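Participant: Provide a 3D model corresponding to the input given below.
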Amino acid sequence: MKKYFLHIAILSYLMMNCQPKEEWKVEIYETSAKGNKLTQIKESPAKENAIKIRLKAEEKFQKITGFWGLIYGKLGLFTQ
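Facilitator: The predicted model follows:
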């Protein structure tokens, strides 16, 4: 009986914490030769030909931090 109660309690906890994915807010910034220097654009001019950006979450890069990370990075010791 205790085993079933534990399973039901865990299942109930997991179901209560399920939340739908939040929609991401996208902001567009432009840098151009016309003079825009990282200027936020309020409306996208081309809505029909929308660009899709896909991120490769499975591709990982090694994070190099600190003084020795800087030295190793400059020497090219971290290569893929």
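Participant: Following element in sequence after the biggest helix by length in the chain, please.
Facilitator: Looking across the chain with DSSP state H, the single longest helix is helix 2-16. Secondary structure here is assigned by DSSP states H and E; on that basis, the next helix or strand after helix 2-16 toward the C-terminus is strand 28-30.
Participant: Adjacent strands (with direction) for that next one?
Facilitator: Strand 28-30 has the following strand partners under DSSP bridges: strand 39-41 (antiparallel).
Participant: what does the partner strand rub up against?
Facilitator: Strand 39-41 is touched from outside by Glu27, Ile28, Tyr29, Glu30, Thr31, with contacts defined as Cβ atoms under 8 Å, 6 or more residues apart in numbering. No exception for glycine: its C-beta is placed from N, CA and C like everyone else's.
Participant: okay, and for the chain, where does confidence drop off?
Facilitator: Across the chain, the stretches falling below the confidence threshold (pLDDT under 70) are 1-2, 19-20, 44-50, 60-65, 68, 72-80.
Participant: let's see it at 80
Facilitator: Using pLDDT under 80 as the threshold, the predicted model of the chain has low-confidence ranges 1-3, 13-26, 34, 36, 43-80.
Participant: okay, now Gly69: neighbour count?
Facilitator: By other Cβ atoms under 10 Å, the residues close to Gly69 number 13.
Participant: Quick check: Thr39 vs Ala9, distance?
Facilitator: Spatial separation of Thr39 from Ala9 under the definition Cβ to Cβ, to the nearest Å is 53 Å.
Participant: Tell me how many other residues surround Lys37.
Facilitator: For Lys37, the neighbour count with other Cβ under 10 Å is 8.
Participant: Using the three-state scheme, assign it.
Facilitator: Judged by DSSP: H, G, I helix; E, B strand; the rest coil, the three-state class of Lys37 is coil.
Participant: For Glu27, see how far away it is.
Facilitator: For Lys37, the distance to Glu27 under the criterion Cβ to Cβ works out to 16 Å.
Participant: again, but for Gly35
Facilitator: Taking Cβ to Cβ, one finds Gly35 at 20 Å from Glu27.
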